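Asker: could you work out the structure for the sequence below:
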Amino acid sequence: MSSHFPPLSIKPLQRLQVNNGLLLTAEHWRLAHDYHRQRQNIYYQSLHQAGIVSGLGVCVIPPPSEVAQDYRDGRWLLIQPGVAIDHSGNPIVVPQPLAFHIASEPSISGSLVVYVVINYVDPDRLQGLEERQLLQETFRIDEKITPPNDTDVELCRILLEPGEVQLEPATDVLNPEANELDLRYRKLAQVRSLEQVRVAQVIPGQTGDAVTFAKFSYLMQSVTALYPAIQGTVNQVTLQAGAEQLDYDLLFFTLGQLLTLQESERQTLRQYLAGGAVILLEVSIQEANIVELSAVRQQLRFAIANLTDESEITSVRQELETELKAVESNLTQQLREFLQPIRDFAEDMGIITANSDTLSSNHSLRNQPFLFAQLPIVQNYPIHLFNWGGIVLVVGSLSSAWGIDDTLSLSRETIRGAQEMGINILHFAWHHHQLTQLQQIVKG
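Answerer: Here you go, the predicted model:
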């Protein structure tokens, strides 16, 4: 997904005050034009996303005839004419095709990803230009072996394999192989999303659960189509770095991780939660020991929903409804007992948990941005959702339905409902974090 947008510079604009008799110098002229450029850049950064407007295709070409023999190899690209806009709103115009040579070499033991990027270049910052009446704004094309930063607009990337490199156009453009052009990660200039959600999976050491990470990646992939107002990133973190390094709206834990945290890690989480960010826990119905009760409740609900309105079965309906109330009471009691350690943890974090076990119909997790009267049903069991301040608990396998399962058994309706609930959780985390931050003193 899209990267986190760099913050705007909070600096008042200054414009030239013009009076009769003012002697107009080159410096005055520069100040007047800089003012309008800064206004344009602020407008673009606030409402738009950097990227390619049109063109800027990338082709593999033979070595140009004028290059030296040492560079006559299979590493030449042609950058086609086109237009892009960088993160500050500066236009990047490539008026004619340009040949570009890939110089990076992978190590003998491994492959190397090379990124071809383009940047805006302000001619006022170039050295040694002769004085002329008109200056042409220009650009620079680079190859990098680190992912693009905020000022880069990516044109393509290439996975280089050890040995002699012969670049090729991708045979399958959606699944390029080594030494083939990969254009899948080019970003287009477009309207900026309103919410930039940063999510991290908490891992115990240097390696984490790839399956859980993939589930969140599926969720972020769905956001683009279902709710474009949100964009987000997913990472993996440890708690050893300290609260200052947890620059995330949402942290995902397993229950086992949460209940076995050391005191230093708990202190880190206290600081994290105090800043308004959110912790997401997910436990299975097997862990909560409610499999049988949930199954019976579903059967009773299904039976009641399929009864006719005939008067002779009124007594049957009453019996089923009485039995359903008893099952729901037992289910509530079982969940209450299971939730107690989590409530104790929340109170240790400074969160008041009294009378907040169930979500009201107007809770934002139920209705923003998607409306849920009944919570999603995954693997034939409805999920249960709880919230205490900055802690959200899901009982049920919600995340397993954010993407395609191995057996392809999940229905489209199940996947869509789970994804929409996942988006509600992302929105809740972002909104909770933002509103809390707005009433705190900004450091620095």
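Asker: sketch out the low-pLDDT regions of the stretch 1-150 of the chain for me.
Answerer: Within the stretch 1-150 of the chain, the stretches with pLDDT under 70 are 1-7, 127-132.
Asker: just the helices in it please.
Answerer: 26-47 (DSSP state H, counting those that start in this stretch).
Asker: next, Glu413: secondary structure please.
Answerer: helix (DSSP: H, G, I helix; E, B strand; the rest coil).
Asker: what's the distance between it and Gln17?
Answerer: As judged by Cβ to Cβ, to the nearest Å, Glu413 and Gln17 stand 63 Å apart. To be clear about C-beta, it is placed using only N, CA and C from the backbone, and glycine gets the same treatment.
Asker: of those two, who's got more company?
Answerer: Comparing Glu413 with Gln17 by other Cβ atoms under 10 Å, the one with more neighbours is Glu413, at 10 against 6.
Asker: what is the burial count for the nearest residue to Leu13 once chain neighbours are set aside?
Answerer: If the residues on either side of it in the chain are set aside, Leu13 comes closest to Gln38, at 5.7 Å by Cβ to Cβ, 6 or more residues apart in numbering. Using other Cβ under 10 Å, Gln38 is surrounded by 17 other residues.
Asker: contacts only, for Ala229.
Answerer: By Cβ atoms under 8 Å, 6 or more residues apart in numbering, Ala229 lies in contact with 193-195, 369.
Asker: show the pLDDT at the closest residue to Tyr381 other than its chain neighbours.
Answerer: If the residues on either side of it in the chain are set aside, Tyr381 comes closest to Ser294, at 4.9 Å by Cβ to Cβ, 6+ apart. On pLDDT, Ser294 comes in at 80.
Asker: kindly report the same for Leu438.
Answerer: Reading off the model, Leu438 has pLDDT 87.
Asker: for it, give me its contacts.
Answerer: For Leu438, no contacting residues are found, by Cβ under 8 Å, 6+ apart.
Asker: check the gap between it and His431 for me.
Answerer: 11 Å.
Asker: Phe216 is in contact with Gly403, correct?
Answerer: No. Using Cβ atoms under 8 Å as the test, Gly403 is too far from Phe216 to be in contact (9.4 Å).
Asker: who's more crowded, these two?
Answerer: Phe216 (25 against 18).
Asker: and the more buried one, backbone torsions?
Answerer: With angles defined as degrees, to the nearest 10, Phe216 sits at phi -70, psi -30.
Asker: list the contacts for it?
Answerer: Counted by Cβ under 8 Å, 6+ apart, Phe216 has contacts 199, 201, 234, 252, 399, 402.
Asker: list the ones among the residues you listed that fall in helices.
Answerer: Assignment to helices by DSSP state H places none of these there.
Asker: just the buried ones from those?
Answerer: 199, 201, 234, 252, 399, 402 (16 or more other Cβ atoms under 10 Å).
Asker: among the residues you listed, name the ones in strands.
Answerer: 199, 201, 234, 252 (DSSP state E).
Asker: nearest to Ser65, out of those residues: which one, please.
Answerer: Comparing those against Ser65 with Cβ to Cβ picks out Val234 as the nearest, at 47.0 Å.
Asker: who's the closest one bridged to?
Answerer: Val199 (DSSP bridges).
Asker: can you check Arg140 too?
Answerer: Asn119.
Asker: list the contacts of it.
Answerer: 118-119, 121.
Asker: tell me which of these is nearest to Ser409?
Answerer: Ile118 (44.8 Å).
Asker: so the closest one sits right up against Val83, yeah?
Answerer: No. Checked against Cβ under 8 Å, the pair Ile118 and Val83 is beyond contact range at 10.6 Å.
Asker: give me the distance between Phe338 and Leu410.
Answerer: Distance from Phe338 to Leu410, by Cβ to Cβ: 26 Å.
Asker: ok, which stretches of the stretch 51-200 of the chain are strands?
Answerer: Assigned strands in the stretch 51-200 of the chain, in chain order: 51-55, 58-60, 76-79, 82-85, 91-94, 98-101, 112-121, 138-144, 153-160, 181-182, 190-191, 195-202 (criterion: DSSP state E, counting those that start in this stretch).
Asker: okay if I get these as TSV plus distance to Ser264?
Answerer: Output for the strands of the stretch 51-200 of the chain, formatted as TSV (distance: least, Cβ to Cβ, whole Å):
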stretch	distance to Ser264
strand 51-55	42
strand 58-60	49
strand 76-79	50
strand 82-85	45
strand 91-94	47
strand 98-101	50
strand 112-121	36
strand 138-144	37
strand 153-160	39
strand 181-182	42
strand 190-191	43
strand 195-202	14
